[in-house]
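**Student:** Let me see the structure of the following:
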Amino acid sequence: KQQLENGGAICGIATDGDAWRFVLSSANGDEPHRLTVHVALDEPVVLSVEEGGPAAAATPAATP
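**Tutor:** As a prediction, this is how the structure comes out:
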């Protein structure tokens, strides 16, 4: 949460069909501020790199 609030670099990792999806983002620095990279699940092959991607999800506040 602190990385996100301070504009620091963050990375989200998920699977997307037959690929790993890495979403790299940072509010600091030059454009692009968000990249989405797809890598094959079964071999170290980059399938795609594109600007943009899913936004970081906010962490729900803890309830007292």
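**Student:** Isn't residue 19 up against residue 41?
**Tutor:** Yes - here residue 19 reaches residue 41: they are 6.0 Å apart, a contact under Cβ atoms under 8 Å. Using the backbone N, CA and C atoms, a C-beta is placed for each residue, glycine as well.
**Student:** More neighbours: which of the two?
**Tutor:** Neighbours were counted for residue 19 and for residue 41 using other Cβ atoms under 10 Å; residue 19 has more, 18 against 13.
**Student:** Any figure for the gap between the more buried one and residue 52?
**Tutor:** Distance of residue 19 to residue 52, given as Cβ to Cβ, to the nearest Å: 17 Å.
**Student:** Stretch 15-23 - what's its average pLDDT?
**Tutor:** For stretch 15-23, mean pLDDT is 95.
**Student:** Buried by neighbour count: which residues of that stretch qualify?
**Tutor:** Of all the residues in stretch 15-23, those buried under the rule 16 or more other Cβ atoms under 10 Å are 19, 21-23.
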